[in-house]
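1. Sequence and predicted model, in that order:
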Amino acid sequence: MKATTFAQNLTKSQTLGTQYENQNHKTQRNNSKSTENPASSWSYSIRNFISQKKPKAAILIYTRNRGNGGIVISAIPLVLKACASLSMLVFGKVLHSEIVKSGVESDVMVGTSLVDMYGKCHDIVSSRKVFDDMPERNVVSWNAMIGGYMRNGDTRLASVLFENMPGKTSVTWNEMIDGYARNGDMAMARRAFESVPEDLKNVVTWTVMVNGYVSNGDMEAAREVFEGMKVRNFFVWSVMITGYFKKGDAVKAREIFDGMSLRNLVNWNSLISGYAQNGMCEEVFDSFTRMQGEGFEPDEVTLTSVLSACAQSGMLDIGKEIHEIIRTKNIELNEFVLNGLVDMYAKCGDLGNARLIFEEILVKNSATWNSLITGFAIHGQSREAIEFFGKMEESGVKPDAVTFLSVLSACAHGGFVDVGLEAFSKMEKYGLKPNIKHYGCLVDMLGRAGKLQDAFNVVKGMPIAPNDTVLGALLGACRIHSDTIMAENVLELIGKLNSQHGSHDDAHYVLLSNIYAASERWEMAEGARVVFSARGSEKTPGCSVLMF
């Protein structure tokens, strides 16, 4: 879950969670002879939903039943955990009030859960107040408070608390290492790692250190610690594989994967998702086949990655096969799987199925909308893409940078200049700063519509330096509209930019020569080629990719 630290995810045992489970088992045993007790039933349901990583469902069960039979102490830590994972601070405070009214705030598990919840919801002041007011604390309470400080970027207070903490455990040390790493202080993370007593330095500690380096992009240091591990778990292999893929080094990622004597599904998912994120679709399909050949059944993570590869490569047939696997194997239709299906169908051109699945999704996020809008935009259905953008705004889902890129592209290809200008102006309303791609789409849109002066003004007024794509789009528009005067203005601007950066791009002179030639200004065309040749460059001969 988003708010949970790496160290907490990795240990799995989560001493806090273990205590909750023990308390719940006691409650079940106490109520085993009294199966009619409704509180026992819904408390059990909450625990099940938490274990299935469905915090919203757990909170819903609690809110529906909290008036029946009073507060159930064993359920409170679990509901607070759900609040923390969803960053539901307001509901967490409501629950805190109910805890105080019920007189159970002195319970160590309840108090610890409140400390943890406030820390993960970034209300560190309330977290510390609860911690200081606790009549009794255990090691989990201290770890929760230290983790809260680290999560909120206060490594100094976390360190002070750590120094004053009695009876540190391996979890405590792991929390410190992970916290320093997440705050970018790898020197302190390494110092903490080297200071861990040998009897507390376990495989989890080593894995946290490796992950710290990976998260900060230092694969060389991560590899050094990884190679020093006497015992490795499945997770640390996946961390290394994922780290190399994030660096774009698929060769070393595969090298790590091939070095495993035993693999689990998580390792296969790391390989397949890594290939998908790097656009290596053939490798995705090959690895997916190999994985199944070795007896591993795909889960929602696997299939989402394969759907991404299908979307990138336009492999609709394979995408439909994956959809059938999802149906027949009852794969959980979480937001990632559903978004993956919409994205696959949309990018592969099956807009009917994309829209059908989209309409069936009850809770749509920006990724869901983006998949559909992008699909319609890239397949020339500009009007529909713009209409969906309007519906997205009406739904209350906030558009992001990807949304606006797709909308601007749709406006450029559909000739909807006014709509595109309005959309571009809306980015500020949503707190978004246009990047070079947005400006490129805007220039392309204006250029296609023949508004070359407006496009030129956009380029001159950009707060960031225009790249070759932006300038090339403007020169391309000059060529389409045979506007040699504007082309000369653009080339003059390019000259100024090149002199500032100490570079030059001869391709622009070739394009200018072609513009002159298209307007039958042969002498000027030859002059541009002379300038081009004087730079010591030669035009690369063209070739056709058409096959007969």
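-> Arrived safely. Numbering: from 1, shown residues only.

2. After the lowest-mean-pLDDT helix or strand in the chain, which helix or strand is next?
-> One helix or strand of the chain scores below all others by mean pLDDT, DSSP states H and E: helix 15-31, with a mean of 40. Sequence-wise, the next helix or strand downstream of helix 15-31 (DSSP states H and E) is helix 38-51.

3. Show me what that next one is packed up against.
-> helix 15-31, helix 55-65, helix 76-86 (3 or more Cβ pairs under 8 Å, 6 or more residues apart in numbering; DSSP states H and E). All C-beta spots, glycine's among them, are computed from the backbone N, C-alpha and C.

4. again, only using 6 Å
-> Here helix 38-51 touches helix 55-65, helix 76-86, going by 3 or more Cβ pairs under 6 Å, 6 or more residues apart in numbering; DSSP states H and E.

5. Measure how buried residue 252 is and give me the count.
-> For residue 252, the neighbour count with other Cβ atoms under 10 Å is 16.

6. just the one 5 residues further on next, same as before
-> Other residues within reach of residue 257, judged by other Cβ under 10 Å, total 20.

7. I'd like to know how far the closest residue to it other than its chain neighbours sits from residue 60.
-> Once flanking residues are discounted, residue 257 sits nearest to residue 271: 5.1 Å by Cβ to Cβ, 6 or more residues apart in numbering. Relative to residue 60, residue 271 is positioned 37 Å away (Cβ to Cβ, to the nearest Å).

8. Looking at these two, which is more packed in?
-> Neighbours of residue 271 and residue 60, each counted by other Cβ under 10 Å, are more numerous for residue 271; the result is 27 against 15.

9. could you give the mean pLDDT of the helix or strand that one falls within?
-> Using DSSP H and E, residue 271 maps to helix 265-277. For helix 265-277, the mean pLDDT works out to 98.

10. and among the helices and strands packed on helix 38-51, the most buried is which?
-> helix 76-86 (a mean of 25; mean count of other Cβ atoms under 10 Å).

11. which other helices and strands contact that one?
-> So helix 76-86, by 3+ Cβ pairs under 6 Å, 6+ apart, packs with helix 38-51, helix 55-65, helix 108-120.

12. which residues touch it?
-> 1, 3, 20, 46-47, 50, 55, 58-59, 62, 91-92, 109-110, 113, 117, 120 (Cβ atoms under 6 Å, 6 or more residues apart in numbering).

13. can you give me the offset of it from its chain's centre?
-> Put simply, helix 76-86 sits 23 Å off its chain's centre (Cα atoms, centre = their mean, to the nearest Å).

14. Which element is encountered next along the chain beyond it?
-> helix 89-102.

15. For that next one, list every residue counted as buried.
-> 89, 91-93, 95-96, 99 (16 or more other Cβ atoms under 10 Å).

16. ditto for stretch 455-464
-> Buried residues in stretch 455-464, counting neighbours by 16+ other Cβ under 10 Å, are found at 455-456, 458-459.

17. again, but for stretch 468-481
-> So stretch 468-481, judged by 16+ other Cβ under 10 Å, has buried residues 470-479, 481.

18. now stretch 148-162
-> Within stretch 148-162, the residues that qualify as buried are 148-152, 154-155, 157-159, 161-162, counting by 16+ other Cβ under 10 Å.

19. Same list, those, but as CSV with pLDDT, secondary structure and distance to residue 401 please.
-> What follows is these, written out as CSV (pLDDT from 0 to 100; DSSP: H, G, I helix; E, B strand; the rest coil; distance: Cβ to Cβ, whole Å):
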residue, pLDDT, secondary structure, distance to residue 401
148, 96, helix, 31
149, 97, helix, 32
150, 97, helix, 30
151, 95, helix, 26
152, 95, coil, 27
154, 96, coil, 31
155, 96, helix, 31
157, 97, helix, 35
158, 97, helix, 34
159, 97, helix, 37
161, 97, helix, 39
162, 97, helix, 39
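
20. Name the nearest of these relative to residue 366.
-> residue 151 (24.6 Å; Cβ to Cβ).

21. and the gap between that closest one and residue 444?
-> Taking Cβ to Cβ, one finds residue 151 at 43 Å from residue 444.

22. again, but for residue 189
-> 46 Å.

23. any idea where the strands of the chain begin and end?
-> Ranges of strands in the chain, per DSSP state E: none exist.

24. which intervals of the protein have sub-threshold pLDDT?
-> 1-40, 67-71, 495, 497-548 (pLDDT under 70).

25. Domains in it, by residue range?
-> 1-167, 364-433 (automatic domain parsing).

26. could the ones you listed go into a markdown table alongside distance to residue 449?
-> Formatted as a markdown table, the domains of the chain follow (distance: least, Cβ to Cβ, whole Å):
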| stretch | distance to residue 449 |
| --- | --- |
| domain 1-167 | 43 |
| domain 364-433 | 5 |
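
27. Deepest in the core, which of the helices and strands packed on helix 76-86 is it.
-> A comparison of the helices and strands packed on helix 76-86 by mean neighbour count, using mean count of other Cβ under 10 Å, puts helix 108-120 on top with a mean of 27.

28. List the neighbours of that one that are in contact with it.
-> 3, 19, 76-77, 80, 83-84, 92, 104, 126-127, 130-131, 134, 136, 138, 140-141, 144-145, 148, 151.

29. swap the cut-off to 7 Å and go again
-> Helix 108-120 is touched from outside by 3, 16, 19-20, 23, 73, 76-77, 80-81, 83-84, 92, 96, 99, 104-105, 126-127, 130-131, 134, 136-138, 140-141, 144-145, 147-148, 151, with contacts defined as Cβ atoms under 7 Å, 6 or more residues apart in numbering.

30. which residue sits closest to residue 250 in space, ignoring its chain neighbours?
-> That would be residue 278: by Cβ to Cβ, 6+ apart, it lies 5.8 Å from residue 250.

31. need the contact list for the one you found.
-> For residue 278, the contact set (Cβ under 7 Å, 6+ apart) comprises 245, 248, 250.

32. Setting the sequence-adjacent residues aside, check what's closest to the second one.
-> What sits nearest to residue 248 in space, not counting adjacent residues and going by Cβ to Cβ, 6+ apart, is residue 278, at 6.3 Å.

33. Please report the distance of that neighbour from residue 244.
-> Distance, residue 278 to residue 244, by Cβ to Cβ: 10 Å.

34. hang on, the earlier thing: next, format the helices and strands packed on helix 76-86 as CSV and append distance to residue 355.
-> Formatted as CSV, those follow (distance: least, Cβ to Cβ, whole Å):
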stretch, distance to residue 355
helix 38-51, 31
helix 55-65, 26
helix 108-120, 37
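
35. Which of those helices sits closest to residue 259?
-> Of all the helices and strands packed on helix 76-86, helix 38-51 comes closest under Cβ to Cβ, at 32.9 Å.
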